[in-house]
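Colleague: Here is a sequence with its predicted model. Questions after.
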Amino acid sequence: VRTAPRGAEHFCWRIDLLPRLVNDAGLELGVGVHLNVLAPERAAELLRA
């Protein structure tokens, strides 16, 4: 929920609802960056398959 900045005479409330469709956590949702939690060797195996 975002509230009005100080000194604002008029301001609209806003609520952001994000459904969890995958395993994103706080960092991924907040920053928009996805982390690779696999070892580089395992990631290479999966990419080659």
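Modeller: Great, that's in hand. Numbers count the residues shown, from 1 in each chain.

Colleague: Quick one: residues contacting the residue positioned nearest the centre of the chain.
Modeller: Geometric centre of the chain, nearest residue: residue 29, 1.0 Å, by C-alpha atoms, centre = their mean. Under the criterion of C-beta atoms under 8 Å, 6 or more residues apart in numbering, the neighbours of residue 29 are residue 18. Where you see a C-beta, it was placed from the backbone N, CA and C, and this is true even at glycine.

Colleague: Would you list the phi and psi of it?
Modeller: Main-chain torsions, residue 29, degrees, to the nearest 10: phi -70, psi -40.

Colleague: so what pLDDT did it get?
Modeller: pLDDT for residue 29: 75.

Colleague: can you tell me how far it sits from residue 19?
Modeller: Residue 29 sits 11 Å away from residue 19, going by C-beta to C-beta, to the nearest Å.

Colleague: Mind checking what secondary structure residue 45 has?
Modeller: Assigned with DSSP: H, G, I helix; E, B strand; the rest coil, residue 45 falls in the helix class.

Colleague: give the contact list for it.
Modeller: Counted by C-beta under 8 Å, 6+ apart, residue 45 has zero contacts.

Colleague: let's see 10 Å
Modeller: Residues near residue 45 by C-beta atoms under 10 Å, 6 or more residues apart in numbering: 38-39.

Colleague: Could you report the separation of it from residue 34?
Modeller: Per C-beta to C-beta, residue 45 is found 19 Å from residue 34.

Colleague: show me where pLDDT drops low in the protein?
Modeller: 1-2, 20-22 (pLDDT under 70).

Colleague: Mind doing that once more with 80?
Modeller: Low-confidence segments of the chain (pLDDT under 80): 1-6, 8, 10-30, 32-37.

Colleague: What residue in it is the furthest from its centre?
Modeller: Distance to the chain centre peaks in the chain at residue 9, reaching 31.2 Å (criterion: C-alpha atoms, centre = their mean).

Colleague: Distance check, that one against residue 46.
Modeller: Residue 9 is 55 Å from residue 46, by C-beta to C-beta.

Colleague: How about residue 24?
Modeller: For residue 24, the distance to residue 46 - C-beta to C-beta - is 19 Å.

Colleague: Which one of those two is surrounded by more residues?
Modeller: residue 24 (14 against 8; other C-beta atoms under 10 Å).
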